[in-house]
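S.K.: Fold the following and give me the result.
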Amino acid sequence: QVELVESGGGLVQAGGSLRVSCVASGGTFSTYTMGWFRQAPGKKRVFVGVISLTGDSTVYADSMKGRFTISRDNAKNTVYLQMSGLKPEDTAVYYCAAARVMATNIGGYVYWGQGTQVTVSA
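M.R.: Below is the predicted model of the structure:
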């Protein structure tokens, strides 16, 4: 059983940057690909991006390309989501999740964190 705990969310002005983190425990972190998803109020949870086991490969949703960067530190059991050029429409709860493959769909993920709120003010 892998436990994922996100942190680093908060309130940021439009155009600003924020980095959220996700720490894993209870499993071998380096054997999981790690994804980020987000869910805005009243909307479905959507894919943000995913990073490979070693961090040498990433895939992003089209709307996040160029603004969001995922990285990982396997020595710290941590995956990061660096967000820049934030817009009010980026306001959502951001979730990290662990999978065995480079999945872009919710069903591909085995473990989920509880989420961290990111609010972007206009």
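
S.K.: make it CA atoms for all contacts and neighbour counts henceforth
M.R.: OK.

S.K.: Count the residues that sit near G108.
M.R.: G108 has 15 neighbouring residues, counting by other Cα atoms under 10 Å.

S.K.: Do you know the pLDDT at the closest residue in space to S17 that isn't next to it in sequence?
M.R.: Nearest non-adjacent residue to S17, counting by Cα to Cα, 6 or more residues apart in numbering: S84, 4.2 Å away. In this model, S84 is scored at 97, pLDDT.

S.K.: list the contacts for S84?
M.R.: Counting by Cα atoms under 8 Å, 6 or more residues apart in numbering, S84 touches 15-18, 67-68.

S.K.: Next: G27.
M.R.: 1-2.

S.K.: same check, this time on F47
M.R.: Applying Cα under 8 Å, 6+ apart, the residues near F47 are 35-38, 60-61, 104-106.

S.K.: swap the cut-off to 6 Å and go again
M.R.: For F47, the contacting residues are F37, by Cα atoms under 6 Å, 6 or more residues apart in numbering.

S.K.: So for it, what pLDDT did the model give?
M.R.: The model's pLDDT for F47 equals 98.

S.K.: Shouldn't it be within a helix?
M.R.: No. Assignment of F47 by DSSP: H, G, I helix; E, B strand; the rest coil gives strand, placing it outside any helix.

S.K.: Roughly how far does it sit from A75?
M.R.: Here the criterion is Cα to Cα, to the nearest Å. By it, F47 lies 25 Å from A75.

S.K.: Next: Q1.
M.R.: Q1 is 19 Å from A75, by Cα to Cα.

S.K.: Okay, and the beta partners of G10?
M.R.: Beta-bridge pairing of G10, defined through DSSP bridges, involves V118.

S.K.: And for it, the neighbour number?
M.R.: 14.

S.K.: do the same with W36
M.R.: With other Cα under 10 Å as criterion, W36 counts 26.

S.K.: Is it within a helix or a strand, and which one?
M.R.: If you go by DSSP states H and E, W36 is part of strand 33-39.

S.K.: who's in contact with the most centrally placed residue in the chain?
M.R.: The centroid of the chain falls nearest to W36 when counting by Cα atoms, centre = their mean (2.7 Å). Taking Cα under 6 Å, 6+ apart as the criterion, W36 is in contact with 48-49, 95-96.
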